[in-house]
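Visitor: Sequence unavailable; structure follows:
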Ligand SMILES: [Zn+2]
């Protein structure tokens with residue numbers, strides 16, 4: 001098969017479009033012909049090299065796949081069935097797995113992280129990771145959906161326990177998690193404030209359902225949040241930016257507010273004044289991926305047309321480096337998708 005692999009970590013030039021071995025049939029696994037694979041920020045970390053995780057090399061990235069079944073394995077689906085893939089991999093046997101807490105599995109992994117992913121014509125996945133999609137959902141949007149909507153759903157609905165009528169501040173409306181969080185918060189009856197760095201992105205954030213938008217290049221975010229919430233602050237902040245936005249995110253919270261974070265694209269260091277933490281009764285919540293049950297719940301809203309991933313641009317598989325460049329430069333609004 002054709003695939004995009006890297007044999008060493010580094011810049012855009014390490015991504016090679018080349019021949020790679022087809023995945024072999026294996027018990028408990030299905031093989032999917034990839035039609036589309038969406039990028040995630042994780043792909044950039046994989047290419048550059050991670051501090052705490054050694055990837056098998058050469059490596060095929062790609063956590064978000066839409067395609068069709070070529071080997072059904074034990075899925076019970078016919079050859080040719082149209083599917084998307086649940087991007088979380090779990091052992092299925094540990095205490096967390098037995099309790100349905102997939103993303104707290106002791107061996108938890110993400111498709112395309114320790115295993116080969118979707119920057120390829122074929123991919124092998126555990127049977128339980130295959131999710132059938134209805135005829136009206138195209139492969140590009142199917143690929144653009146799972147990881148960020150699963151992540152944002154777990155952040156808002158499970159970790160932050162979002163309630164109807166609450167104010168939510170979503171950072172980085174044009175990011176994968178941002179565009180998903182705006183929509184999920186909106187359909188659950190929240191008042192949604194969203195930030196972005198350009199007026200064009202702010203206009204798109206409004207189209208996705210943001211009630212109010214803030215330009216983080218020109219607005220003082222905490223002051224603007226106070227102004228828009230009658231001086232109170234927001235109940236929930238959806239963080240994934242890290243060092244660059246941390247202080248403003250804390251200052252934007254109402255008393256009893258929850259900050260939930262799933263990433264740190266601008267740096268890992270953050271501080272907090274403990275007096276603020278206890279006097280304002282703030283909760284700091286970490287979040288990573290989510291449970292398959294949550295993805296299935298979100299997928300119902302996706303298939304019903306209530307959630308729709310924003311797709312910025314598509315590329316051919318051979319153009320994967322161009323797609324990485326655009327994501328690295330934060331030029332996109334929504335998902336970048338490779339058509340395979
Ligand atoms: Zn497990």
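Guide: Arrived safely. Everything numeric here is computed off the predicted structure, so don't read it as measured data. Numbers count the residues shown, from 1 in each chain.
Visitor: Give me the pLDDT value at the residue of the stretch 201-340 of the chain found nearest the ion.
Guide: The stretch 201-340 of the chain approaches the ion most closely through residue 291 (11.8 Å), counting by CB to the ion. Yep, even glycine has a C-beta here, placed from its N, CA and C like the rest. pLDDT recorded at residue 291 is 98.
Visitor: what about the closest residue to it other than its chain neighbours, neighbour count?
Guide: Ranked by CB to CB, 6 or more residues apart in numbering and with sequence neighbours excluded, the top spatial neighbour of residue 291 is residue 102, at 4.7 Å. Using other CB atoms under 10 Å, residue 102 has 24 other residues around it.
Visitor: cool, and residue 90?
Guide: 24.
Visitor: So it sits against residue 97, correct?
Guide: Yes. Using CB atoms under 8 Å, residue 90 makes contact with residue 97 at a distance of 5.1 Å.
Visitor: overlap in contacts of these two?
Guide: Residues touching both residue 90 and residue 97 (CB atoms under 8 Å, 6 or more residues apart in numbering) are residue 105.
Visitor: Tell me how far the residue of the stretch 101-250 of the chain found nearest the ion lies from residue 115.
Guide: Residue of the stretch 101-250 of the chain nearest the ion, by CB to the ion: residue 105 (3.1 Å). Plainly put, residue 105 is 14 Å away from residue 115 if you go by CB to CB, to the nearest Å.
Visitor: circling back to that earlier point, contacts only, for the residue of the stretch 101-250 of the chain closest to the ion.
Guide: By CB under 8 Å, 6+ apart, residue 105 lies in contact with 90-91, 94, 96-97.
Visitor: Most widely separated two among the residues you listed?
Guide: Greatest spatial distance in those: 91 and 96, 8.9 Å, computed using CB to CB.
Visitor: Neighbour count for the two, which is higher?
Guide: residue 96 (17 against 13).
Visitor: Which residue, other than its chain neighbours, is closest to the more buried one?
Guide: residue 104 (4.1 Å).
Visitor: Flag every residue of the chain that's near the ion.
Guide: The chain comes close to the ion at residues 90-91, 94, 97, 105, as judged by CB under 5 Å from the ion.
Visitor: Those residues: which two are farthest apart?
Guide: 90 and 94 (8.0 Å).
Visitor: Mind listing the shared neighbours of those two?
Guide: Common neighbours of residue 90 and residue 94, using CB under 8 Å, 6+ apart, are 105, 107.
Visitor: residues contacting the residue positioned nearest the centre of the chain?
Guide: The residue lying closest to the centre of the chain (CA atoms, centre = their mean) is residue 148, at 2.3 Å. If a contact means CB under 8 Å, 6+ apart, then residue 148 has 40, 176-177, 179-180, 309, 335 as its contacts.
Visitor: again, 7 Å this time
Guide: Contact analysis of residue 148 by CB atoms under 7 Å, 6 or more residues apart in numbering lists 176-177, 180.
Visitor: Equivalent analysis for residue 182, please.
Guide: 170, 173, 192, 194, 205, 208-210.
Visitor: Just among those residues, which is most surrounded?
Guide: Of these, with other CB under 10 Å as the count, residue 170 tops at 35 neighbours.
Visitor: from what I can see residue 211 touches residue 192, true?
Guide: Yes. Using CB atoms under 7 Å, residue 211 is in contact with residue 192, at 5.3 Å.
Visitor: So which residues of the stretch 1-150 of the chain form helices?
Guide: Secondary structure of the stretch 1-150 of the chain (DSSP state H, counting those that start in this stretch): helices at 41-48, 95-98, 139-144, 146-153.
Visitor: Which neighbouring elements make contact with the third one?
Guide: Helix 139-144 is packed against strand 29-38, strand 64-71, strand 311-316, strand 335-339, with contacts defined by 3 or more CB pairs under 7 Å, 6 or more residues apart in numbering; DSSP states H and E.
Visitor: could the ones you listed go into a markdown table alongside mean neighbour count and distance to residue 135?
Guide: Formatted as a markdown table, the helices and strands packed on helix 139-144 follow (neighbours: other CB atoms under 10 Å; distance: least, CB to CB, whole Å):
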| stretch | mean neighbour count | distance to residue 135 |
| --- | --- | --- |
| strand 29-38 | 25 | 14 |
| strand 64-71 | 24 | 12 |
| strand 311-316 | 17 | 19 |
| strand 335-339 | 24 | 19 |
